[in-house]
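Participant: structure here, sequence nowhere to be found:
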């Protein structure tokens, strides 16, 4: 992939993002990336669309779902088996959406965030494939949030029973 070909793909993706109503992007400086677009599909979320210097044959789309203190506390009070079950439920759903994920820091003791990633290889990049990847990541964030919300409601019901 030449730099000119990569720049053409980047311009095409920027055009696609601009054509989506309410979506915005900015170019972020990143030493590891050839180009890093920070995409804002709404005012609450952002995704990184990374064109990596070391892997010029693909685009990497990534976001991180960070947990607030209530989420972390709800997870922390679970016993070891409940933590494993909670993580397994999330992992199964993320695999079904075809996402690469990283739980940070190392589970099951503690979870602060989950990084969600999808890769598209340039031999198959189309508008449909690009937005399918972005929407899969947004669905992945929703899956994680829903699982944490169910954990919180369980934690609240246990607290109210005491």
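Facilitator: Perfect, I can see it now. Predicted, not measured: the structure shown is a model, and the values here were computed from it.
Participant: CA atoms for contacts and neighbours, from now on please.
Facilitator: Noted.
Participant: tell me what the helix ranked longest in the chain is packed against?
Facilitator: The longest helix of the chain (DSSP state H) is helix 127-161. Using 3 or more C-alpha pairs under 8 Å, 6 or more residues apart in numbering; DSSP states H and E as the contact test, the elements touching helix 127-161 are strand 58-66, helix 69-76, helix 80-96, strand 113-121.
Participant: where among the ones you listed is average confidence lowest?
Facilitator: Least confident of those, judged by mean pLDDT, is helix 69-76 with a mean of 89.
Participant: give me the distance from that one to the chain's centre.
Facilitator: 20 Å (C-alpha atoms, centre = their mean, to the nearest Å).
Participant: please name whichever of the helices and strands packed on helix 127-161 is nearest to residue 102.
Facilitator: strand 113-121 (5.1 Å; C-alpha to C-alpha).
Participant: partner strands of that closest one and their direction?
Facilitator: strand 58-66 (antiparallel), strand 100-104 (antiparallel) (DSSP bridges).
Participant: can you give me the buried ones in the helix-or-strand element of the chain with minimal mean pLDDT?
Facilitator: For the chain, using mean pLDDT, DSSP states H and E, the weakest element among its helices and strands is helix 127-161, scoring a mean of 80. Within helix 127-161, the residues scored as buried using 16 or more other C-alpha atoms under 10 Å are 130, 133-134, 136-141, 143-145, 148, 151-152, 155.
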